[in-house]
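*Asks:* Pasting the sequence and the predicted coordinates here, then a few questions.
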Amino acid sequence: MSPLGGSAERRSKAPALMDSLERVPQGSQPCHSRAGRMLGPLGALLLLFRLLLPVDCASVEPPTTQEDEKGCGHSTIVERVIGGEASVPSKWPWQVSIQNDSKHLCGGTIIAGSWVLTAAHCVNINDNLSVFVGSTHLKQSSDSSTRVAVKRVVIHPNYQETRYWSWIGREDDVALLKLAQELKYTKKISPVCLPSPIFDLKVGSFCWLTGWGQINISSSEGKVCSISAC
């Protein structure tokens, strides 16, 4: 059993994928696209299968409505960073640390109040998973940070598990984590925006890349490259 009041259940594949993604409760919805269409966790999963890299949509598709301004994808500080530098608190409030027995495994992204997106190769059915949110430092807790247990793991139905590191270059390496409780949104905890279904991420576009270094969240700005070049 998890010391956080829950344990990670066995990972699910289709057709349980559809059944496991219940409707997101009011007040914890992910952001709306410019067309006004809400994208739930399932929509997020399907959209991200089509994207080459995770993108901060606030930097490529600015919000145009008051509703958007109160929702997702808002960094409190936006500046150009080259080469990867430690991020200031609340710059990337959707970036989380996925942990096994309180030890960092991988990064993840908040997409809704109780859903986190990550890579399928990061999670294991025997892991005592939790997410650490609201902090840019793995070794430091604060009034703004919290740890929440993972109740369920949902992986892409086409993902094939292989030996360690042999996941590199494989498709469908994506998973959703269902949290044991809803996250309370703050300036340091909030969801990322998701692209609209018609959004075209062009090769050569600038985007922000975020992730964990040894102890801190780091970020850098780079260009999207083609699959063949990558």
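*Replies:* The structure has been received and is ready for your questions. All values derive from a computational prediction rather than experimental measurement.
*Asks:* Next up, the contacts around the residue lying closest to Leu117 once chain neighbours are set aside.
*Replies:* Leaving aside its sequence neighbours, Leu117 sits nearest to Thr109 (Cβ to Cβ, 6 or more residues apart in numbering; 4.7 Å). Yep, even glycine has a C-beta here, placed from its N, CA and C like the rest. Thr109 makes contact with 54, 94-96, 116-118, 192 under the criterion Cβ atoms under 8 Å, 6 or more residues apart in numbering.
*Asks:* Just the buried positions in whichever helix or strand Thr109 is part of, please.
*Replies:* Secondary structure from DSSP states H and E places Thr109 in strand 103-112. Residues 105-112 are the ones in strand 103-112 that count as buried (16 or more other Cβ atoms under 10 Å).
*Asks:* Surely Glu221 is in contact with Trp208?
*Replies:* Yes: in this structure, Glu221 is within contact of Trp208 by Cβ atoms under 8 Å, at 5.6 Å.
*Asks:* Just want to know which of those two has more residues nearby.
*Replies:* Trp208 (21 against 16; other Cβ atoms under 10 Å).
*Asks:* Go ahead and confirm the more buried one touches Lys223.
*Replies:* No: with contact defined as Cβ under 8 Å, Trp208 does not count as touching Lys223 (11.4 Å).
*Asks:* So for stretch 196-207, mean pLDDT?
*Replies:* On average, the pLDDT along stretch 196-207 is 85.
*Asks:* Quick one: end-to-end length of that stretch, please.
*Replies:* 16 Å (Cα to Cα, to the nearest Å).
*Asks:* that older thread, list the beta-bridge partners for the residue nearest to Leu117.
*Replies:* Gln95, Leu117 (DSSP bridges).
*Asks:* Phi and psi next, for His121.
*Replies:* The phi/psi pair for His121 (degrees, to the nearest 10) reads phi -70, psi -10.
*Asks:* picking that back up, quick check, nearest of the buried residues of strand 103-112 to Pro157?
*Replies:* Ile111 (18.7 Å; Cβ to Cβ).
*Asks:* Assess the claim that Cys225 and Ser205 are in contact.
*Replies:* No: applying Cβ under 8 Å as the test, Cys225 and Ser205 come out as separate, 10.1 Å apart.
*Asks:* Mutual contacts of the two, please.
*Replies:* Contacts common to Cys225 and Ser205, judged by Cβ under 8 Å, 6+ apart, are absent.
*Asks:* pull the helix or strand with minimum mean pLDDT from this protein.
*Replies:* Ranked by mean pLDDT, DSSP states H and E, the helix or strand of the chain with the weakest confidence is helix 66-69, at a mean of 34.
*Asks:* Does Arg170 belong to a helix, a strand or coil?
*Replies:* coil (DSSP: H, G, I helix; E, B strand; the rest coil).
*Asks:* Can you get me a residue count around Leu209?
*Replies:* Counted with other Cβ under 10 Å, Leu209 comes out at 15.
*Asks:* Wasn't it part of a strand?
*Replies:* Yes: if the criterion is three-state DSSP, then Leu209 is within a strand.
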